[in-house]
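Undergrad: structure for this input, please:
(4 chains)
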There are 2 protein chains.
Amino acid sequence: MDAKRRKKLEAAGFRVGTVADFLELTVEEAALIDLKLSLGILVRSVRKRAKLSQQGLAGRLHSSQSRVAKLEAGDASVSLDLIVKAAFAAGAKKADLANAIVKRRRVAAG
Amino acid sequence: MDAKRRKKLEAAGFRVGTVADFLELTVEEAALIDLKLSLGILVRSVRKRAKLSQQGLAGRLHSSQSRVAKLEAGDASVSLDLIVKAAFAAGAKKADLANAIVKRRRVAAG
DNA sequence: TGCAGATATGTCGGATGTGACATAAGTTAG
DNA sequence: CTAACTTATGTCACATCCGACATATCTGCA
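TA: The predicted structure follows:
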């Protein structure tokens, strides 16, 4: 963004910065969200390979189908703890987690 | 454990099983605890490499020294979310997390 | 020894994630 | 088409984790 446009926006009361700034995220919070997304995707993949429904996985997890749906969708209300427990309950191994973490995901218009 | 001793203990009202059984942990909960330990150790290592005190890291994290101490010690009151945020705040990369996860830790009398 | 910084441990009120539930929407087979 | 199953989304009371604080212990160093 050029300086002129920035000045104009700021004069109008807007704060200008990155998306993370806008959402008031620290960089580590942004990294955590990224990680949750990656692991949510892993859970879905491992669960399907195990021929489990969300309901079935929820049973193993002692959780509920709606939580599993949310965790696979990267919903902000789900903790990393639950996502990782779900991955293990679905049959993932540590190495699967490690791979999911370092794997690059495709990004829209990237 | 031999069957005789088991019978005796069970007759006395004890339930006999693994440590995880005793603590009423599912296998995925046990795996999660293991993971938290590994990552807590990683945080300490990355923090020291960055010449940060727990206080200093707590500042970056917008948390407190006591939380950092607990997270590095594998305290049960600390979420995986906070541990991972701490790792990133200390300067860890995704690959560092991945390595910490798969690395085997030395176990007492293992 | 004594001082200073670092780390460990316990507690607490308030913030956030929890499972459960309802229900809508999507999918598959008869 | 319907029926059965699966997945998505919103809500709520309750449980858990949070940062903050106090305080104890550890760890050099003068």
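Undergrad: any idea how far A:A100 lies from DNA strand C?
TA: The gap separating A:A100 from DNA strand C is 18 Å, by CB to the nearest atom of the strand, to the nearest Å. The C-beta positions use only the backbone N, C-alpha and C, and glycine is treated the same way.
Undergrad: quick check: closest non-adjacent residue to that residue.
TA: A:L42 (4.0 Å; CB to CB, 6 or more residues apart in numbering or on different chains).
Undergrad: I figured the one you found hits A:K94, correct?
TA: No - in this structure, A:L42 is not within contact of A:K94 by CB atoms under 8 Å, at 11.9 Å.
Undergrad: these two: which is more packed in?
TA: A:L42 (23 against 18; other CB atoms under 10 Å in any protein chain shown).
Undergrad: quick one, what contacts that one?
TA: A:A87, A:A92, A:D96, A:L97, A:A100 (CB atoms under 8 Å, 6 or more residues apart in numbering or on different chains).
Undergrad: what confidence value was assigned to the first one?
TA: When you say that, I think you mean A:A87. As predicted, A:A87 sits at a pLDDT of 98.
Undergrad: OK, contacts around it?
TA: Applying CB under 8 Å, 6+ apart to A:A87 gives the contacts A:L39, A:L42, A:V43, A:V46, A:D96, A:L97.
Undergrad: neighbours of A:G40, how many?
TA: Residues within reach of A:G40, counting by other CB under 10 Å, total 23.
Undergrad: helix/strand/coil for it?
TA: Secondary structure assignment for A:G40 (DSSP: H, G, I helix; E, B strand; the rest coil): helix.
Undergrad: you'd agree it is up against A:E72?
TA: Yes - at 4.9 Å, A:G40 counts as touching A:E72 under the criterion of CB under 8 Å.
Undergrad: can you show me the helices along chain A?
TA: Assigned helices in chain A, in chain order: A:3-11, A:19-22, A:27-49, A:54-61, A:65-72, A:80-90, A:94-102 (criterion: DSSP state H).
Undergrad: need the winner for burial among these.
TA: Of the helices of chain A, the one with the most neighbours on average (mean count of other CB atoms under 10 Å in any protein chain shown) is helix A:80-90, at a mean of 25.
Undergrad: tell me how far it lies from the chain's centre.
TA: 13 Å (CA atoms, centre = their mean, to the nearest Å).
Undergrad: touching DNA strand C at all, that helix?
TA: Yes - using CB under 7 Å from any atom of the strand, helix A:80-90 comes into contact with DNA strand C via A:D81, A:L82.
Undergrad: I'd like to check the angle between that helix and helix A:54-61, please.
TA: Put simply, helix A:80-90 runs at 100 degrees to helix A:54-61, going by axes from the mean of the first three to the mean of the last three CA atoms, to 10 degrees.
Undergrad: not counting its neighbours along the chain, what's nearest A:T26?
TA: Of all residues beyond its chain neighbours, the one nearest A:T26 is B:H62 (7.1 Å), with distances taken as CB to CB, 6+ apart.
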